[in-house]
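Q: Let me see the structure of the following:
(one chain, ligands or ions: 1)
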Amino acid sequence: MGVWGTGNFSNDTAVDFFDSIASMDDLMRPIHSVTAEPLDSVDADLASEALAAADLLAGILGRPATDLPKEAQTLITKFDQPSIALLTQARDATVRVLESSELAQLWGEEDGPAWQDVIGDLLERLDPNTEYKSKDHAIPLEGGFVCSICETFIPDHELTNVEIDIANMPGITSGWYFHRSCIEDNFEPPHFNKHGAVEDPLKEQIEQFLHDKNNDSADP
Ligand SMILES: [Zn+2]
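A: The predicted structure follows:
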(Lines give C-alpha, C1' and ligand atoms only; values in the text may rest on other atoms or scores of the structure.)
Protein backbone atom coordinates (compact mmCIF):
# COMPACT_ATOMS: atom_id res chain seq x y z
CA MET A 1 0.00 0.00 0.00
CA GLY A 2 1.39 3.41 -0.98
CA VAL A 3 0.90 5.98 1.79
CA TRP A 4 1.72 9.70 1.59
CA GLY A 5 0.04 11.07 4.70
CA THR A 6 -2.07 10.37 7.77
CA GLY A 7 -5.30 11.53 6.06
CA ASN A 8 -7.91 8.93 5.16
CA PHE A 9 -7.47 9.63 1.44
CA SER A 10 -3.66 9.76 1.50
CA ASN A 11 -3.00 6.21 0.33
CA ASP A 12 -3.52 4.42 -2.96
CA THR A 13 -5.91 1.84 -1.49
CA ALA A 14 -8.32 4.64 -0.53
CA VAL A 15 -8.00 6.31 -3.94
CA ASP A 16 -8.61 3.03 -5.81
CA PHE A 17 -11.57 2.43 -3.54
CA PHE A 18 -13.38 5.71 -4.11
CA ASP A 19 -12.78 5.37 -7.84
CA SER A 20 -14.80 2.12 -7.66
CA ILE A 21 -17.92 3.44 -5.90
CA ALA A 22 -21.16 3.60 -7.87
CA SER A 23 -23.75 3.12 -5.13
CA MET A 24 -24.28 3.44 -1.38
CA ASP A 25 -23.90 -0.37 -1.19
CA ASP A 26 -20.43 -0.08 -2.73
CA LEU A 27 -19.57 2.64 -0.24
CA MET A 28 -20.81 0.68 2.78
CA ARG A 29 -19.18 -2.64 1.78
CA PRO A 30 -15.82 -2.19 3.57
CA ILE A 31 -17.60 -0.74 6.62
CA HIS A 32 -19.77 -3.85 6.84
CA SER A 33 -16.74 -6.10 6.29
CA VAL A 34 -14.85 -4.47 9.16
CA THR A 35 -17.76 -4.75 11.59
CA ALA A 36 -18.30 -8.40 10.56
CA GLU A 37 -14.64 -9.41 11.10
CA PRO A 38 -13.51 -10.71 14.48
CA LEU A 39 -11.43 -8.11 16.31
CA ASP A 40 -7.66 -8.16 15.64
CA SER A 41 -8.05 -9.50 12.13
CA VAL A 42 -8.85 -6.36 10.14
CA ASP A 43 -6.06 -6.13 7.55
CA ALA A 44 -4.53 -2.81 6.52
CA ASP A 45 -6.13 -2.59 3.07
CA LEU A 46 -9.62 -3.30 4.35
CA ALA A 47 -9.07 -0.85 7.22
CA SER A 48 -7.96 1.86 4.74
CA GLU A 49 -11.02 1.28 2.58
CA ALA A 50 -13.32 1.42 5.60
CA LEU A 51 -11.78 4.71 6.77
CA ALA A 52 -12.10 6.21 3.28
CA ALA A 53 -15.73 5.02 3.16
CA ALA A 54 -16.50 6.43 6.60
CA ASP A 55 -14.86 9.74 5.65
CA LEU A 56 -16.88 9.90 2.42
CA LEU A 57 -20.02 9.30 4.48
CA ALA A 58 -19.07 12.25 6.70
CA GLY A 59 -18.65 14.26 3.49
CA ILE A 60 -22.12 13.25 2.30
CA LEU A 61 -23.42 14.38 5.69
CA GLY A 62 -21.97 17.82 4.88
CA ARG A 63 -18.85 17.45 7.03
CA PRO A 64 -16.08 16.65 4.56
CA ALA A 65 -12.44 16.14 5.50
CA THR A 66 -10.28 19.16 4.71
CA ASP A 67 -8.14 16.92 2.49
CA LEU A 68 -11.08 15.44 0.57
CA PRO A 69 -9.78 14.96 -3.00
CA LYS A 70 -11.48 16.84 -5.86
CA GLU A 71 -12.81 13.63 -7.46
CA ALA A 72 -14.42 12.66 -4.17
CA GLN A 73 -16.01 16.13 -3.79
CA THR A 74 -18.02 15.44 -6.93
CA LEU A 75 -18.79 11.90 -5.83
CA ILE A 76 -20.32 12.85 -2.46
CA THR A 77 -22.88 15.16 -4.06
CA LYS A 78 -24.47 12.14 -5.80
CA PHE A 79 -25.68 10.46 -2.62
CA ASP A 80 -28.70 11.00 -0.38
CA GLN A 81 -28.09 11.88 3.28
CA PRO A 82 -26.94 8.81 5.23
CA SER A 83 -29.31 7.41 7.88
CA ILE A 84 -28.43 7.43 11.57
CA ALA A 85 -27.99 3.62 11.30
CA LEU A 86 -25.37 3.92 8.54
CA LEU A 87 -23.52 6.62 10.45
CA THR A 88 -23.51 4.43 13.55
CA GLN A 89 -22.07 1.52 11.56
CA ALA A 90 -19.40 3.79 10.11
CA ARG A 91 -18.45 4.99 13.58
CA ASP A 92 -18.34 1.42 14.84
CA ALA A 93 -16.03 0.35 11.98
CA THR A 94 -13.82 3.40 12.57
CA VAL A 95 -13.47 2.60 16.27
CA ARG A 96 -12.57 -1.01 15.40
CA VAL A 97 -9.85 0.13 13.02
CA LEU A 98 -8.53 2.52 15.66
CA GLU A 99 -8.55 -0.08 18.43
CA SER A 100 -7.34 -3.22 16.77
CA SER A 101 -6.26 -3.29 13.19
CA GLU A 102 -3.07 -4.03 11.34
CA LEU A 103 -3.27 -0.42 10.16
CA ALA A 104 -3.10 0.92 13.73
CA GLN A 105 0.03 -1.19 14.27
CA LEU A 106 1.59 0.03 11.02
CA TRP A 107 1.31 3.64 12.16
CA GLY A 108 3.36 2.65 15.17
CA GLU A 109 4.54 4.87 17.99
CA GLU A 110 6.04 7.75 16.04
CA ASP A 111 3.18 8.67 13.71
CA GLY A 112 0.44 6.96 15.71
CA PRO A 113 -0.70 10.07 17.62
CA ALA A 114 -1.09 12.14 14.42
CA TRP A 115 -3.05 9.34 12.81
CA GLN A 116 -5.23 8.95 15.93
CA ASP A 117 -6.03 12.69 15.71
CA VAL A 118 -7.27 12.15 12.15
CA ILE A 119 -9.46 9.28 13.32
CA GLY A 120 -10.76 11.28 16.29
CA ASP A 121 -11.73 14.10 13.93
CA LEU A 122 -13.50 11.60 11.65
CA LEU A 123 -15.47 10.16 14.59
CA GLU A 124 -16.68 13.65 15.48
CA ARG A 125 -17.67 14.43 11.91
CA LEU A 126 -19.62 11.16 11.71
CA ASP A 127 -21.70 12.11 14.75
CA PRO A 128 -24.52 14.46 13.68
CA ASN A 129 -24.97 15.38 17.34
CA THR A 130 -21.44 16.72 17.72
CA GLU A 131 -21.14 20.39 17.08
CA TYR A 132 -19.43 20.81 13.74
CA LYS A 133 -17.29 23.82 12.95
CA SER A 134 -17.24 23.96 9.20
CA LYS A 135 -13.80 24.06 7.67
CA ASP A 136 -12.81 25.28 4.21
CA HIS A 137 -15.36 24.05 1.70
CA ALA A 138 -17.64 22.42 4.26
CA ILE A 139 -21.37 22.66 3.67
CA PRO A 140 -23.15 23.77 6.86
CA LEU A 141 -25.44 21.16 8.35
CA GLU A 142 -28.89 22.09 9.59
CA GLY A 143 -28.79 22.59 13.35
CA GLY A 144 -30.50 20.51 16.01
CA PHE A 145 -29.81 17.36 17.98
CA VAL A 146 -31.38 14.00 17.17
CA CYS A 147 -32.53 11.64 19.93
CA SER A 148 -30.74 8.27 19.77
CA ILE A 149 -33.90 6.50 20.98
CA CYS A 150 -36.72 7.95 18.86
CA GLU A 151 -34.53 9.59 16.19
CA THR A 152 -36.47 12.84 16.14
CA PHE A 153 -35.16 16.33 16.90
CA ILE A 154 -34.91 17.40 20.53
CA PRO A 155 -36.16 20.76 21.82
CA ASP A 156 -33.68 22.51 24.15
CA HIS A 157 -35.65 21.91 27.35
CA GLU A 158 -35.66 18.14 26.70
CA LEU A 159 -32.03 17.87 25.63
CA THR A 160 -29.89 15.39 27.59
CA ASN A 161 -26.27 14.78 26.63
CA VAL A 162 -24.59 11.53 27.69
CA GLU A 163 -20.85 10.98 27.19
CA ILE A 164 -20.04 7.30 26.71
CA ASP A 165 -16.45 6.02 26.94
CA ILE A 166 -15.24 4.26 23.82
CA ALA A 167 -14.05 0.82 24.94
CA ASN A 168 -10.28 0.58 25.50
CA MET A 169 -9.66 4.21 24.50
CA PRO A 170 -8.96 6.12 27.71
CA GLY A 171 -10.13 9.71 27.51
CA ILE A 172 -12.01 9.28 24.24
CA THR A 173 -15.77 9.54 24.60
CA SER A 174 -18.59 9.87 22.15
CA GLY A 175 -21.56 12.12 22.84
CA TRP A 176 -25.13 10.83 22.55
CA TYR A 177 -28.26 12.91 22.81
CA PHE A 178 -31.68 11.99 24.11
CA HIS A 179 -35.03 13.44 25.03
CA ARG A 180 -35.13 13.52 28.81
CA SER A 181 -38.55 11.83 28.57
CA CYS A 182 -37.19 9.06 26.28
CA ILE A 183 -34.56 8.25 28.91
CA GLU A 184 -37.16 8.15 31.66
CA ASP A 185 -39.49 5.97 29.57
CA ASN A 186 -36.86 3.47 28.40
CA PHE A 187 -34.39 2.98 31.23
CA GLU A 188 -34.59 1.98 34.87
CA PRO A 189 -34.07 4.73 37.47
CA PRO A 190 -32.04 6.33 38.97
CA HIS A 191 -31.69 8.52 35.88
CA PHE A 192 -30.15 11.73 37.12
CA ASN A 193 -28.37 12.73 40.30
CA LYS A 194 -29.22 15.89 42.25
CA HIS A 195 -26.91 17.91 39.96
CA GLY A 196 -28.87 16.75 36.93
CA ALA A 197 -25.99 14.54 35.74
CA VAL A 198 -26.39 10.98 34.48
CA GLU A 199 -25.67 8.18 36.97
CA ASP A 200 -23.37 5.24 36.09
CA PRO A 201 -26.12 2.56 36.18
CA LEU A 202 -27.98 4.58 33.55
CA LYS A 203 -24.81 4.92 31.46
CA GLU A 204 -24.46 1.14 31.49
CA GLN A 205 -28.05 0.74 30.29
CA ILE A 206 -27.46 3.29 27.54
CA GLU A 207 -24.25 1.52 26.45
CA GLN A 208 -26.18 -1.74 26.23
CA PHE A 209 -28.99 -0.04 24.29
CA LEU A 210 -26.58 1.51 21.77
CA HIS A 211 -24.80 -1.83 21.41
CA ASP A 212 -28.09 -3.71 20.76
CA LYS A 213 -29.35 -1.05 18.40
CA ASN A 214 -26.14 -1.16 16.41
CA ASN A 215 -26.32 -4.96 16.12
CA ASP A 216 -29.97 -4.80 15.03
CA SER A 217 -29.29 -2.24 12.34
CA ALA A 218 -26.32 -4.26 11.02
CA ASP A 219 -28.62 -7.20 10.21
CA PRO A 220 -29.78 -7.37 6.60
ZN1 LIG B 1 -36.54 10.77 21.93
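Q: mind checking the SS state of Tyr177?
A: The local conformation at Tyr177, judged by DSSP: H, G, I helix; E, B strand; the rest coil, is strand.
Q: need the helices for this protein, in chain order.
A: For the chain, the helices defined by DSSP state H occupy 12-19, 24-36, 44-60, 70-76, 84-100, 102-125, 180-186, 200-218.
Q: average model confidence for the fourth one?
A: Throughout helix 70-76, pLDDT has a mean value of 85.
Q: What's the local residue count around the residue nearest to Ala65 when sequence neighbours are not counted?
A: Using C-beta to C-beta, 6 or more residues apart in numbering and skipping residues adjacent in sequence, the residue nearest Ala65 is Asp55, 5.2 Å away. Glycine gets a C-beta too; all of them are placed from N, C-alpha and C. By other C-beta atoms under 10 Å, 29 other residues sit near Asp55.
Q: and if you look at Glu109?
A: 6.
Q: repeat for Glu124
A: Other residues close to Glu124 by other C-beta under 10 Å number 18.
Q: ok, the closest residue to Ala14 other than its chain neighbours - how many residues close by?
A: Using C-beta to C-beta, 6+ apart and skipping the chain neighbours, the partner closest in space to Ala14 is Ala52 (3.7 Å). Other residues within reach of Ala52, judged by other C-beta under 10 Å, total 27.
Q: where's Ala52 relative to Gln105, distance?
A: Distance of Ala52 to Gln105, given as C-beta to C-beta, to the nearest Å: 19 Å.
Q: go on, Glu163?
A: Glu163 is 28 Å from Gln105, by C-beta to C-beta.
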